[in-house]
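Participant: need a structure here:
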Amino acid sequence: MTATAGGVPDRCLSVVMPCYNEAPTVAAVVERVLASPYAGEVIIVDDGSTDGTPAILDGLDDPRVRVFHQPRNQGKGAALRRGFVEATLPYVVIQDADWEYDPAEYGSLLAPLLDGRADVVFGSRFHNSRPHRVLYFWHSVGNRLLTTVSNMVTNLSLSDMETCYKAFRREVLASFDIEEERFGIEPEITAKVARGGWRIYEVGISYSGRTYAEGKKIGWRDGVRAMYCILRYSEAGERFRHRGRLRPRSPAPAAIEEADAELADTLDNLDDAVNYADWIYSLIAPYLGRRVLEVGAGHGTLTDRMLPGRTVTATDLSARCVAILEERYAGIDDVTVVQADVDEAPALGQFDAVVLVNVLEHIADDARALRALEKALVPGGHLVLYVPAFEALYSDFDRRIGHHRRYRSEQLRRLVGEVGLEVVDLRHVNMVGAVAWWVLATKLGQTPTKKWSAMTFDRLFVPVVSRLERQWPPPFGQSLLCVARAVPRH
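Facilitator: Have a look, this model is predicted:
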């Protein structure tokens, strides 16, 4: 990073640009962004455009431009979430792919960040005397209403919460997760920045709004969602969402050893749960193909079932599990046992299927893990995930065995979609098990996988429950099955 003649850092800014069906404007906007002395990288996330936008983006020829394609339209929030992860420079700004906001004003946005006064800067369309296009009265009323309610909840004094132009020190964005898919991201970011105690400044910007005929996309439903998000992500809303729940946290080193021991006991107790293993295999078998990478193979319970007619590379991080697998499959040519992390998956070869059964929840950076696993799939191959469901079921037992989280269905869909995979099957599994887990683990604080309870459930309930769920998919379950297909890479 160099400096301009005035001593201001040059090329210090990551510009994150969500883009959906902006073929008429996107190339010219990118050109204008690249003309800014501050723009060190332009991260464009095409959010499943159906016009000529993808071809235009792929034709851009500048080393500072990086383009990422979402496999389907997910919303501005989803595109920004992907873009923020890819940003590498000290400061980050959001830029729309139309002419409503002018990249020539990056200097004004950056000034309070560069001189150390601010951590976050909002570009206000209302707090200035700069020119702006006169458009819809009721939009203006709606924006001011949402900003007022947001200020009441966050105790800020912003004049334009809904503005696109928000600039950040990169560590601010790393301090929280983005959950909203669409335009609800504006009140979500505002609430989380306020709760984080970050220093917020506001500067006036010009604004050249567009009409719906010119491509404006936000509508009244987004205003209703924004009002909901103001309350949802407020401090009181967060307390309500998580009241009475144990929250996942990163384990200390001593806890990791305890988790390994607890997990070993759990695997031992489940080794004889043959009906449950058969049930899981019946769910994943249609997606396996001939070459399978099994991540976190444990004791080989599922490996056995995948073997006929296939070659399996069975991996695990645990030296104990690897030793058991090596003894179990000694002399069997169709099984290769490897002690490996998920980051090493692409080096193991190309596979028709990558399978993780009750594994992803143990990985701290699950998004990074999925990006690595996607590289190990052949085009058209399947990533098969079987994970614990529902944050509300997170218990002390989850924590003891090293679960970082339990998943919601839309959260899992979003996660795999952001690494370029197309979801082909996503369903809840084992409704009865969810009720049992809620009673035993969450309410009574018991270990739900003790030998007697695992065998009772396996012998008495699984044969009936599995048949019922084949006919009537349950609305909730102890686990989630997610199958995603690898699409051809650009």
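
Participant: Then residue 312 would be within a strand, right?
Facilitator: Yes: under DSSP: H, G, I helix; E, B strand; the rest coil, residue 312 falls within a strand.

Participant: can you tell me how far it sits from residue 172?
Facilitator: According to C-beta to C-beta, to the nearest Å, residue 312 stands 44 Å off from residue 172. The C-beta positions use only the backbone N, C-alpha and C, and glycine is treated the same way.

Participant: who's more crowded, those two?
Facilitator: residue 312 (26 against 23; other C-beta atoms under 10 Å).

Participant: who are the neighbours in contact with the residue lying closest to residue 278 once chain neighbours are set aside?
Facilitator: Take residue 278 and drop its neighbours on the chain: the residue closest to it by C-beta to C-beta, 6 or more residues apart in numbering is residue 305, 7.2 Å away. If you count contacts by C-beta atoms under 8 Å, 6 or more residues apart in numbering, residue 305 has them with 277, 278, 281.

Participant: Turn these into TSV, columns for secondary structure and pLDDT.
Facilitator: Shown next, in TSV, are the contacts of residue 305 (DSSP: H, G, I helix; E, B strand; the rest coil; pLDDT from 0 to 100):
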residue	secondary structure	pLDDT
277	helix	91
278	helix	93
281	helix	94
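
Participant: Give me the most central residue, this protein.
Facilitator: Per C-alpha atoms, centre = their mean, the C-alpha nearest to the average position across the chain is that of residue 415, at 3.9 Å.

Participant: same for the helix or strand encompassing residue 186, what does it pack against?
Facilitator: Applying DSSP states H and E as the criterion places residue 186 in helix 185-195. Applying 3 or more C-beta pairs under 8 Å, 6 or more residues apart in numbering; DSSP states H and E, we find helix 185-195 packed against helix 76-86, helix 137-154, helix 220-232.

Participant: got the domain boundaries for this structure?
Facilitator: 13-242, 253-486 (automatic domain parsing).

Participant: how far is the last one from where the chain is centred?
Facilitator: Taking the mean C-alpha point of domain 253-486 and that of its whole chain, the gap between them comes to 19 Å (C-alpha atoms, centre = their mean, to the nearest Å).

Participant: Ok, the first one next?
Facilitator: Here domain 13-242 shows a centroid-to-chain-centroid distance of 18 Å under the convention C-alpha atoms, centre = their mean.

Participant: now that domain: mean pLDDT?
Facilitator: Domain 13-242 carries an average pLDDT of 85.

Participant: In this model residue 370 seems to touch residue 343, though I could be wrong.
Facilitator: No: Residue 343 is not in contact with residue 370 according to C-beta atoms under 8 Å; the separation is 11.4 Å.

Participant: ok, those two, which is more surrounded?
Facilitator: More crowded of residue 343 and residue 370, by other C-beta under 10 Å: residue 370, with 24 against 13.

Participant: Distance check, the more buried one against residue 352.
Facilitator: To residue 352, residue 370 is 17 Å away according to C-beta to C-beta.

Participant: re the thing from before, and the pLDDT for the residue nearest to the centre of the chain?
Facilitator: We have a pLDDT of 89 for residue 415.

Participant: Now the longest strand along the chain: buried residues?
Facilitator: As assigned by DSSP state E, the longest strand anywhere in the chain is strand 377-388. In terms of neighbour count (16 or more other C-beta atoms under 10 Å), strand 377-388 has its buried residues at 377, 381, 382, 383, 384, 385, 386, 387, 388.

Participant: if we take those, which one ends up nearest to residue 294?
Facilitator: For the buried residues of strand 377-388, the minimum distance to residue 294 (C-beta to C-beta) is 9.5 Å, reached by residue 384.

Participant: Please tell me how far the residue nearest to the centre of the chain sits from residue 385.
Facilitator: As judged by C-beta to C-beta, residue 415 and residue 385 stand 9 Å apart.

Participant: Kindly report the same for residue 103.
Facilitator: The gap separating residue 103 from residue 385 is 40 Å, by C-beta to C-beta.

Participant: ditto for residue 466
Facilitator: Per C-beta to C-beta, residue 466 is found 19 Å from residue 385.

Participant: same question, residue 54
Facilitator: Taking C-beta to C-beta, one finds residue 54 at 27 Å from residue 385.

Participant: Look at stretch 171-181 and report the distance between its end residues.
Facilitator: End-to-end distance for stretch 171-181: 21 Å, by C-alpha to C-alpha, to the nearest Å.

Participant: Which positions within that stretch qualify as buried?
Facilitator: Going by neighbour count (16+ other C-beta under 10 Å), the buried part of stretch 171-181 is 172, 173, 178, 179, 180, 181.

Participant: Please apply the same query to stretch 95-106.
Facilitator: Within stretch 95-106, the residues scored as buried using 16+ other C-beta under 10 Å are 95, 96, 97, 98, 99, 100, 101, 102, 103, 105, 106.

Participant: pretty sure the fifth one belongs to a strand, no?
Facilitator: No: per three-state DSSP, residue 99 lies outside any strand segment and is coil.

Participant: Isn't it up against residue 208?
Facilitator: Yes: counting by C-beta under 8 Å, residue 208 is a contact partner of residue 99 at 5.6 Å.

Participant: Surely residue 274 and residue 458 touch.
Facilitator: Yes: contact status for residue 274 versus residue 458: in contact at 7.0 Å, counting by C-beta under 8 Å.

Participant: Give me the more crowded residue out of those two.
Facilitator: A count of neighbours by other C-beta under 10 Å puts residue 458 above the other of residue 274 and residue 458, at 19 against 14.

Participant: for the stretch 301-450 of the chain, which spans come out with low pLDDT?
Facilitator: Confidence mapping of the stretch 301-450 of the chain against pLDDT under 70 gives the ranges 449.

Participant: Tell me if I am right that residue 304 is in a strand.
Facilitator: No: counting by three-state DSSP, residue 304 is not part of a strand but helix.

Participant: Report how many residues lie close to it.
Facilitator: Neighbour tally, residue 304, other C-beta under 10 Å: 15.

Participant: residues in contact with it?
Facilitator: For residue 304, no residue meets the contact criterion (C-beta under 8 Å, 6+ apart).

Participant: Need the residues that contact whatever helix or strand residue 15 lives in.
Facilitator: Assigned by DSSP H and E, residue 15 falls within strand 13-19. By C-beta under 8 Å, 6+ apart, the residues outside strand 13-19 that reach it are 26, 29-30, 33, 36, 38-47, 49, 53, 57, 76, 79-80, 83-84, 86-89, 91-97, 103, 106, 110, 167, 170.
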